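>>> Here is my input, please return the structure:
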Amino acid sequence: MQWLKSFQICKVLQGFSLSPTQLHRRLFSRVGAPRWNDHDSPEEFNFASDVLDYWAQMEEEGKRGPSPAFWWVNGQGDEIKWSFRKLRDLTCRTANVFEQICGLQQGDHLALILPRVPEWWLVTVGCMRTGIIFMPGTTQLKAKDILYRIQISRAKAIVTTASLVPEVESVASE
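As a prediction, this is how the structure comes out:
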């Protein structure tokens, strides 16, 4: 899990199968809006297991095409493409790190201070898998801001970049 140690500042690109205009029309049409509440909501829902794992299973069974689940491009044009299976496996590994190495468990709080990098998604979905409550924060936070957020959220762990470690360590004793 080398990525837990160092990160690069990169640009995230999001891809949609529909153009923004088509997406807007589909989601907010007068016909569709009243139907939003016609569906039963599950009592319990976990995005990682109910969505990500479902589509990973569809890939394993050959019932889903080759489109990536995650596609990230940095400013130099380097790409990362993850299938649902790869994303599932990476987020399971991340969840295992949180539970087995960090000792975090369901209901614990984690401060997440990362730039726009693919690992942000691994951490957030890893938290969803385990029931860890994550609190995202901008990389522009200073020591006093980090301290305030850690205290108010009761965070038991912080995931951040190497460049922010000095800010975090300066308030760790408090």
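>>> sec struct for residue 159, please.
strand (DSSP: H, G, I helix; E, B strand; the rest coil).
>>> wait, what's in contact with it?
Residues in contact with residue 159, defined by C-beta atoms under 8 Å, 6 or more residues apart in numbering, are 4, 110, 111, 112, 113, 114, 123. Just so you know, the C-beta spots here come from the backbone N, C-alpha and C atoms, and that holds for glycine as well.
>>> Let's see that with 7 Å instead.
Applying C-beta atoms under 7 Å, 6 or more residues apart in numbering to residue 159 gives the contacts 4, 110, 112, 114, 123.
>>> Hmm, which of these is lowest in pLDDT?
Among the contacts of residue 159, residue 4 has the lowest pLDDT, at 41.
>>> So, low pLDDT: which residues of the protein?
Applying pLDDT under 70 to the chain picks out residues 1-41.
>>> go again using 50 as the cut-off
1-34 (pLDDT under 50).
>>> any chance you could map the helices in it?
Taking DSSP state H, the helices of the chain run over residues 20-28, 47, 53-60, 84-96, 118-130, 143-153, 165-171.
>>> ok, back up a step: please produce CSV containing the contacts of residue 159, extended by neighbour count.
Output for the contacts of residue 159, formatted as CSV (neighbours: other C-beta atoms under 10 Å):
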residue, neighbour count
4, 15
110, 23
112, 18
114, 21
123, 24
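>>> now those residues as CSV including distance to residue 77?
Below are those laid out as CSV (distance: C-beta to C-beta, whole Å):
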residue, distance to residue 77
4, 25
110, 32
112, 27
114, 21
123, 25
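>>> Closest one of those residues to residue 73?
The closest of those to residue 73 turns out to be residue 114 (C-beta to C-beta; 17.2 Å).
>>> What distance do you get for the spatially closest residue to the closest one that is not a sequence neighbour to residue 94?
Excluding the flanking residues, the one nearest residue 114 by C-beta to C-beta, 6 or more residues apart in numbering is residue 120, at 4.7 Å. Taking C-beta to C-beta, to the nearest Å as the measure, residue 120 falls 11 Å from residue 94.
>>> Appreciated, that's everything.
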